[in-house]
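**Q** please work out how this folds:
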Amino acid sequence: MKRKIDFKVSGGGERLVIRDWYSAKNSRDFSTLAHIQRYEWVLPYLKGLRCLDDGCGSGYGTYYLAKNGVSMIIGIDISSVAIKFAKKHYKAENLEFRQMDALHLQFDPNSFDAVISFDVLEHINEHDQKKFISEIVRVLREEGVAYIGCPNAQVSMGNNPFHMKELTRKEFELLLREFFYDVKIYGQDLVVNGLRAGENWHKYLSNLSYENLVIVEENCEIAYGLLAICKKPIK
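**A** Down below sits the predicted model:
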């Protein structure tokens, strides 16, 4: 019998597809493990809430959230191919996928308790990044929370042709504080032999396990990934 592939990258090397969450979590693939960690990190904040996954890609993370306690979640992506795949492979009563441009969200104001957006911001040019964030704020209810993640330009290898504008920790926080009244920045890093890899993270991408990935509050400026929890102001 031919073995099923549990995870792969498509979309010209930039779109991750996970068919079996727990098999993929036991892989040694850095990109796969990093994507899984972000969704597992955000899950406790989202249980019982109505959520938007803004830039959901193939939908594996949206489905994971839907099956683990989120009240209702909609995944949107600009790619018709990604949404077609998501609709075919990930189904749940509290889950919906729609093709949509993140710069022009087709939702009423105050539609969601929370918005999740991982690895989308860097695919947008500097001018449109503000439009992207303003749309997230618009569809969030008052006191709603956004969970946003992106690579850290300060330590990035800078070799991804799909990335239009990567941000440093400082740039990331300054952008978010233009729109949110409360912003908390975290970092995704690797721990090797008990020590954080920091700015040398790219030297340790072989023979990793999920246990090598950590989310930290200190010295986020040298972590390979940035995560933010952002609260919408009350009018």
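**Q** so what's the residue nearest to residue 198 when sequence neighbours are not counted up against?
**A** Excluding the flanking residues, the one nearest residue 198 by C-beta to C-beta, 6 or more residues apart in numbering is residue 222, at 4.2 Å. C-betas here are computed from N, CA, C, even on glycine. Residues near residue 222 by C-beta atoms under 8 Å, 6 or more residues apart in numbering: 152, 154-155, 187, 189, 198-199.
**Q** filter these down to just the ones in strands.
**A** If you go by DSSP state E, the contacts of residue 222 have 187, 189 in strands.
**Q** and the contacts of residue 222, which is closest to residue 79?
**A** Distance to residue 79 across the contacts of residue 222 (C-beta to C-beta) is lowest for residue 152, with 24.8 Å.
**Q** ok, now which ones touch the closest one?
**A** Taking C-beta under 8 Å, 6+ apart as the test, what residue 152 contacts is 166-169, 172, 187, 220-226.
**Q** same check on residue 164?
**A** Per C-beta under 8 Å, 6+ apart, neighbours of residue 164: 122-126.
**Q** circling back: in the contacts of residue 222, find the pair that's most separated.
**A** 154 and 189 (12.6 Å).
**Q** between those two, which one's more packed in?
**A** residue 189 (25 against 19; other C-beta atoms under 10 Å).
**Q** that one is in contact with residue 199, isn't it?
**A** No - applying C-beta atoms under 8 Å, one finds residue 189 not in contact with residue 199, separated by 9.8 Å.
**Q** in the one helix or strand residue 32 maps to, what's buried?
**A** Per DSSP states H and E, residue 32 falls inside helix 30-46. The neighbour-count check on helix 30-46 (16 or more other C-beta atoms under 10 Å) flags 30, 32-43, 46 as buried.
**Q** need the nearest residue in space to residue 223, chain neighbours excluded.
**A** residue 187 (2.8 Å).
**Q** shaky segments in the protein?
**A** Within the chain, the stretches with pLDDT under 70 are 1-15.
**Q** all helices of it, in order?
**A** 21-25, 30-46, 60-66, 80-89, 126-139, 169-177 (DSSP state H).
**Q** distance between the longest one and the chain's centre?
**A** What that stands for is helix 30-46. Centroid separation for helix 30-46 versus its chain: 8 Å, with C-alpha atoms, centre = their mean, to the nearest Å.
**Q** can you give me the offset of stretch 101-118 from its chain's centre?
**A** Remark: stretch 101-118 is offset 14 Å from the chain centroid, using C-alpha atoms, centre = their mean.
**Q** ends of it, how far apart?
**A** Distance between the two ends of stretch 101-118: 15 Å, counting by C-alpha to C-alpha, to the nearest Å.
**Q** what residues does it touch?
**A** The contact list for stretch 101-118, computed with C-beta under 8 Å, 6+ apart, reads 35, 38-39, 42, 45-46, 49-55, 61, 65, 76, 78, 98, 100, 120, 124, 128, 131-132, 135-136, 138-142, 144-150.
**Q** and with 6 Å instead?
**A** With contacts defined as C-beta atoms under 6 Å, 6 or more residues apart in numbering, stretch 101-118 is touched by 38, 42, 46, 49-55, 78, 100, 128, 131-132, 135-136, 138-141, 144-149.
**Q** also stretch 128-140?
**A** Contacts for stretch 128-140 (C-beta under 6 Å, 6+ apart): 102-103, 105, 107, 109, 111-112, 115, 124, 146, 179, 232.
**Q** so which of these sit within strands?
**A** Among those, DSSP E puts 112, 115, 146 in strands.
**Q** return the residues in contact with residue 49.
**A** By C-beta under 6 Å, 6+ apart, the contact list for residue 49 reads 71, 113-114.
**Q** next one: it from residue 104, what distance?
**A** Using C-beta to C-beta, to the nearest Å, one gets 24 Å for the distance from residue 49 to residue 104.
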